[in-house]
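predicted structure and sequence below. I'll ask about it afterward.
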Amino acid sequence: MQEDSPVQNENTRDAAQTVQPQRAGRRNRLIVLGAAALVALGLGGVAVATTGPDHPAPAAVSLDAQNRAEAASRADRSARESSTPVAPSASPTASPSVASASPTPAKTATAKAKPKPKKTTKPTPAWVDPMPGAAVTSCYGQRWGTLHAGIDLALPSGTPIRAAAAGTVTQAGDASDGYGNSVFVDHGNGYLTHYAHQSRIAVTVGQKVKAGQVIGYEGATGDATGPHLHFEVHQGMWNQIDPAPFMRTRGVDLGC
Ligand SMILES: [Zn+2]
């Protein structure tokens, strides 16, 4: 027991002696790190000085801040490096395009000039036949003592009816006035077109339609003896004019 105690004391002393230098070494290292951080970051030094060297947290924070600052500077550098190669590459490409710009406009102008007429004539002329291929069963004019204010076009029931020109649907439905299911399209130039006796309407009021767009399907609703499209042109609402000459001057022959 007596012999053991000095050994133990020695051991503990040794342990204490060995521990103490380690602690001192850590503390010194922390101070060095704190000082290094202080030197590296002027702002970090303030935090280290106020909290003291015993606390490792400020040193770690300042090191983190340093790492972050370094990462940020690296990111800035990479951003600068990535942005700088783009700038020189942009100027060489810009100069050839400028150089080639002078011959290309002449080429594109001539190239565009050719397809342009095709585009205007082919897909959508301003005015189209509302029901192409239909047989005319009645033209505009006096009939049985009253004015027949439109053109009757006949094809089997359910044939699509197309907007004669672009415009906005102002009426769509059956107003119980003899027209059955009918649609008005306002073309915004003082003229409206009216499509009557439809079996089914495919548009709603306020809808914008293009020339040739299907607005409904032929039928025999309202005062109709058989399926046909009663097509009217209004120069101002309810001022029906003869659709035949009106449409003919717009490139559509309805056959009257
Ligand atoms: Zn009619």
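Yep, it's here.

what parts of this protein come near the ion?
Within the chain, the positions near the ion by Cβ under 5 Å from the ion are 150, 152, 230. Quick note: C-beta positions are derived from backbone N, CA and C, even for glycine.

could these go into TSV alongside pLDDT, secondary structure and neighbour count?
Below are the residues of the chain next to the ion laid out as TSV (pLDDT from 0 to 100; DSSP: H, G, I helix; E, B strand; the rest coil; neighbours: other Cβ atoms under 10 Å):
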residue	pLDDT	secondary structure	neighbour count
150	98	coil	24
152	98	strand	23
230	98	strand	24
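
and the residue of the stretch 1-150 of the chain found nearest the ion, how far from residue 210?
Residue nearest to the ion within the stretch 1-150 of the chain: residue 150 (4.9 Å; Cβ to the ion). Residue 150 is 22 Å from residue 210, where distance means Cβ to Cβ, to the nearest Å.

repeat that for residue 190.
Going from residue 190 to residue 210 by Cβ to Cβ gives 19 Å.

and if you look at residue 169?
12 Å.

ok, now residue 166?
Distance, residue 166 to residue 210, using Cβ to Cβ: 5 Å.

which one's more surrounded, the two?
In this view residue 166 and residue 210 are compared by other Cβ atoms under 10 Å, and residue 166 has more residues nearby, 18 against 13.

and the pLDDT at that one?
Residue 166 carries a pLDDT score of 98 in this model.

same question for residue 97.
pLDDT for residue 97: 40.

isn't residue 125 right up against residue 211?
Yes: under the contact definition of Cβ atoms under 8 Å, residue 125 touches residue 211, with a separation of 6.6 Å.

just to revisit the earlier point, now for residue 166 and residue 210: what residues contact both?
In the contact map built from Cβ atoms under 8 Å, 6 or more residues apart in numbering, the residues linked to both residue 166 and residue 210 are residue 124.

show the contacting residues for the residue nearest to residue 147 when sequence neighbours are not counted.
Nearest residue to residue 147, sequence neighbours excluded (Cβ to Cβ, 6 or more residues apart in numbering): residue 141, at 7.1 Å. Applying Cβ under 8 Å, 6+ apart to residue 141 gives the contacts 147-148, 242.
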